[in-house]
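**Q** Mind looking at a prediction? Sequence and model below.
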Amino acid sequence: MKILVLNAGSSSIKYQIFNMKDSSVLTTGLLEKIGEPSSRLKYKWTNGNGEQEAVQDGHVANHNEGLKMILDITLKLGVIHELKELSGIGHRVVHGGEAFWKPTLINGKVVDVIRGMIPLAPLHNPANLMGIEVSRELCPSVPQVAVFDTAFHQTMPPYAYHYALPYNFYKELRVRRYGFHGTSHGYVAKQAARHFNRPLNSCNFITLHLGNGTSTSAIKEGKSVDTSMGMTPLEGLVMGTRSGDLDPAIPFYLARTTGKSFDEIETILNKESGLKGICGVNDMREVERLAGSGNLTAQLAIDIFSYRIKKYIGAYYAVLGRLDAIIFTGGIGENSDVIRKHACEGLEALGIEIDSKQNEPRLRALRDISTNASKIKVLVIPTNEELEIAEQTVDCIKTAEAK
């Protein structure tokens, strides 16, 4: 059973094809700069000689041309010999609103509902929708499934997802907390439950997805009951270029004092804030390098980033009441021993204690970095959102076929 996973951006297509018999990756690639003079497709595949890699440059006018090129190359490589070898195509869709609680087999009605979510995710849903429409056109006989970043968090109770705003804003404008990174939070929670050899519905976790975008989730009995991102991905933890939590009066103050428009301020909060706003760079590796050389604003960025994580750990521990593990994932969560150390320092009274020797190595594998005395386990688990999408795609198709 072979599943193609697509993540379409406004000028990019990221893809993987999995052999679901053993969850192996048959090919993976990223096409960038669609619509620009010099587009680039970088891809890898596996054959009898091991993993191979290649790059193809040239103008790709639109997503239709881009996906055609990807499929043509995949066929030439022999990863698949014809399109009907694909058992399904799984699409990452950022925002499903309240309409989608689980992966959904795509049809015309589903496409219309996703289109209706564009006001809630104007930067992401149009591109995701473009990928869906192109792949439905090129592969009309292949079942296609939408997997939503927001779906995992639809189990939040009303008191967790409502804002203290006039209620009609929720009823008429759909203003509420939705949360994102759901496939990642769900994937690592399942991996942790398997690690403990326990049913997921018996586990309480705090999951920390730390990358250029960062979010945390409180998972009670296997379900999300709270998450740090809100109606948009701007709320919550400090991120690479996003501010995270801030006083909601600040944008009004900036508008009055700087004369900037709200569109300009929105751009600043999303693209010029976070780590980049504090110290000038948004790559945590570079931030740590600068801090190590004595750069004070880089050290401040690390301190703010870690402090915000610690605050959320404390808050979500209180929400859950009982905690089995804290899970670090994402590019920063998996690779930065500095951030993990600072985020967990001082939490010994809560039963959270990490082992410095276990924390230091960078390993692409699940590992326990807590001390033997730690009552709460601290795990590092590499995320695999593409595999999670593939697995959910298979489950969705099988459920539909069984009806």
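**A** Nice, thanks for sending it over. Numbering: from 1, shown residues only.
**Q** ok, now how distant is the residue nearest the centre of the chain from T150?
**A** Among the residues of the chain, H181 comes closest to the average C-alpha position under CA atoms, centre = their mean, at 3.4 Å. As judged by CB to CB, to the nearest Å, H181 and T150 stand 9 Å apart. Any C-beta I mention is one placed from the backbone N, CA and C, and that applies to glycine too.
**Q** again, but for N204
**A** Distance from N204 to T150, by CB to CB: 22 Å.
**Q** Tell me the pLDDT of the residue nearest to the centre of the chain.
**A** For H181, the model assigns a pLDDT of 96.
**Q** Over to G131?
**A** 91.
**Q** How about the contacts made by it?
**A** 6-8, 13, 63, 67, 91 (CB atoms under 8 Å, 6 or more residues apart in numbering).
**Q** go on, E137?
**A** N64.
**Q** helix, strand or coil for it?
**A** helix (DSSP: H, G, I helix; E, B strand; the rest coil).
**Q** Tell me how far S39 lies from L75.
**A** Taking CB to CB, one finds S39 at 20 Å from L75.
**Q** Compare the two (neighbour count), which wins?
**A** S39 (21 against 14; other CB atoms under 10 Å).
**Q** Show the contacting residues for the nearest residue to that one once chain neighbours are set aside.
**A** Once flanking residues are discounted, S39 sits nearest to V60: 3.8 Å by CB to CB, 6 or more residues apart in numbering. Listed by CB under 8 Å, 6+ apart, the contact set of V60 reads 31, 33-35, 39, 41, 66, 69.
**Q** and if we set it to 6 Å?
**A** V60 makes contacts with 34, 39, 66, as judged by CB atoms under 6 Å, 6 or more residues apart in numbering.
**Q** and those residues as TSV, adding pLDDT and secondary structure?
**A** Listed next are the contacts of V60 as TSV, based on pLDDT from 0 to 100; DSSP: H, G, I helix; E, B strand; the rest coil:
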residue	pLDDT	secondary structure
I34	94	coil
S39	94	strand
G66	93	helix
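**Q** neighbour-wise, which of N204 and T150 wins?
**A** T150 (26 against 21).
**Q** In contact with the more buried one, which residues?
**A** Here T150 is in contact with 95-96, 178, 182 (CB under 6 Å, 6+ apart).
**Q** From those residues, which land in helices?
**A** G182 (DSSP state H).
**Q** Only the buried members of the contacts of T150: can you turn that into a ChimeraX selection?
**A** Buried residues within the contacts of T150, by 16 or more other CB atoms under 10 Å, are selected in ChimeraX with:
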select :95,96,178,182
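**Q** Tell me the one of the contacts of T150 nearest N19?
**A** Nearest to N19 among the contacts of T150, counting by CB to CB, is G182 at 24.8 Å.
**Q** coming back round to it: between the contacts of G131, which is closest to I376?
**A** N7 (33.2 Å).
**Q** What sits closest to R176 if chain neighbours are left out?
**A** Y161 (4.9 Å).
**Q** ok, that neighbour touching Y178?
**A** No. With contact defined as CB atoms under 6 Å, Y161 and Y178 do not form a contacting pair (7.4 Å).
**Q** Pop the domain breakdown of this protein in here.
**A** With domains defined by automatic domain parsing, the chain comprises 2-148, 197-385.
**Q** Next one: the residue nearest to R176, what pLDDT does it get?
**A** On the pLDDT scale, Y161 gets 98.
**Q** can you count the residues close to it?
**A** 21.
**Q** May I see the buried residues of the longest helix anywhere in the chain?
**A** In the chain, assigned by DSSP H, the helix with the most residues is helix 296-320. Residues of helix 296-320 classed as buried under the neighbour-count rule (16+ other CB under 10 Å) are 298-299, 301-302, 304-306, 308-310, 312-313, 316-317, 320.
**Q** what's in contact with it?
**A** So helix 296-320 is contacted by 204, 206, 216, 218, 220, 226, 228, 237-238, 275, 278-279, 287, 290-291, 323, 339, 342-343 (CB under 6 Å, 6+ apart).
**Q** Can you say which of the contacts of G131 are buried?
**A** Applying 16+ other CB under 10 Å to the contacts of G131 flags 6-8, 13, 63, 67, 91 as buried.
**Q** and which of the residues you listed is nearest K84?
**A** L67 (16.3 Å).
**Q** For whatever helix or strand that closest one lives in, which helices and strands make contact with it?
**A** Using DSSP states H and E, L67 sits in helix 63-77. Contacts defined by 3 or more CB pairs under 6 Å, 6 or more residues apart in numbering; DSSP states H and E place helix 63-77 against helix 125-138.
**Q** how many degrees apart are the helix it packs on and helix 63-77 in direction?
**A** 50 degrees (axes from the mean of the first three to the mean of the last three CA atoms, to 10 degrees).
**Q** For G259, which residues are in contact?
**A** So G259 contacts nothing (CB under 6 Å, 6+ apart).
**Q** Pop out the phi and psi values for the nearest residue to V378 once chain neighbours are set aside.
**A** Spatially, and ignoring its direct neighbours in sequence, V378 is nearest to S370 (4.1 Å; CB to CB, 6+ apart). Backbone torsions for S370, taken as degrees, to the nearest 10, come to phi -90, psi 160.
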